[in-house]
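Engineer: whatever this is, show me its structure:
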Amino acid sequence: MRALIQRVSEASVTVEGSVVGAIGPGLLVLLGVGQGDGPAEAQFLADKTAGLRIFSDAAGKFNYSVQESGGSVLVVSQFTLYADTRKGRRPSFVRAAPPEVAQPLVEVYAEALRALGLTVAMGRFGAMMQVALLNDGPVTIMLEAPVAVS
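Structural biologist: Sure thing, here's the model as predicted:
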């Protein structure tokens with residue numbers, strides 16, 4: 001499981017002209033589920049996301065997590081994080097989990113964040129989405145859960 005995390009001042013997701021999820025300050029998480037991922041990887045990544053210290057203190061140092069800063073999280077499923085571009089010009093997505101596996105794991109991830117006390121908004125799984133964000137910093141971090149976390 002992979003998460004591309006962006007610290008944002010605000011972010012939103014629109015589907016068919018309607019906003020389906022929006023947050024103020026916090027994290028926009030583009031979440032990809034890969035072959036072999038399961039609930040353990042989702043929980044691991046949620047814990048890592050919630051505790052990631054990328055919010056600045058008064059001295060400008062990264063000392064606060066989204067939990068400590070009072071921010072929210074916008075989760076957007078993003079199978080293209082598993083693009084394989086090593087051959088040719090068209091990406092292959094064979095390493096991405098199929099939708100029937102990925103969708104429940106995106107929900108497990110979001111619920112794990114909620115269980116940690118975070119306010120979580122969501123995109124719409126499988127929909128064509130327009131994501132708007134105001135990247136704060138900019139700060140963008142890639143996280144990856146090892147497969148078969150125990």
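Engineer: what average pLDDT does stretch 76-96 get?
Structural biologist: For stretch 76-96, mean pLDDT is 95.
Engineer: just the buried positions in that stretch, please.
Structural biologist: Buried residues in stretch 76-96, counted by 16 or more other Cβ atoms under 10 Å: 76, 77, 78, 79, 81, 82, 96. Where you see a C-beta, it was placed from the backbone N, CA and C, and this is true even at glycine.
Engineer: looking at the residues you listed, which is nearest residue 9?
Structural biologist: Nearest to residue 9 among these is residue 76, at 16.8 Å by Cβ to Cβ.
Engineer: could you report the pLDDT at residue 146?
Structural biologist: At residue 146, the model reports a pLDDT of 86.
Engineer: tell me which element the residue most central in space within the chain is part of?
Structural biologist: In the chain, the centroid-proximal residue (Cα atoms, centre = their mean) is residue 29; its distance is 2.4 Å. Using DSSP states H and E, residue 29 sits in strand 26-32.
Engineer: now do residue 19
Structural biologist: If you go by DSSP H and E, residue 19 is part of strand 18-23.
Engineer: angle of that strand against strand 26-32?
Structural biologist: Strand 18-23 and strand 26-32 meet at an angle of 120 degrees, taking axes from the mean of the first three to the mean of the last three Cα atoms, to 10 degrees as the criterion.
Engineer: direction included, what does strand 18-23 pair against?
Structural biologist: strand 2-15 (antiparallel) (DSSP bridges).
Engineer: list the buried residues for the strand it pairs with?
Structural biologist: Judged by neighbour count (16+ other Cβ under 10 Å), strand 2-15 contains these buried residues: 2, 3, 4, 5, 6, 7, 8, 10, 11, 12, 13, 14.
Engineer: cool, stretch 98-109 as well?
Structural biologist: Buried residues in stretch 98-109, counted by 16+ other Cβ under 10 Å: 102, 104, 105, 106, 108, 109.
Engineer: show me which of these is closest to residue 124.
Structural biologist: Once Cβ to Cβ is applied, the member of the buried residues of stretch 98-109 that ends up nearest residue 124 is residue 106, at 10.6 Å.
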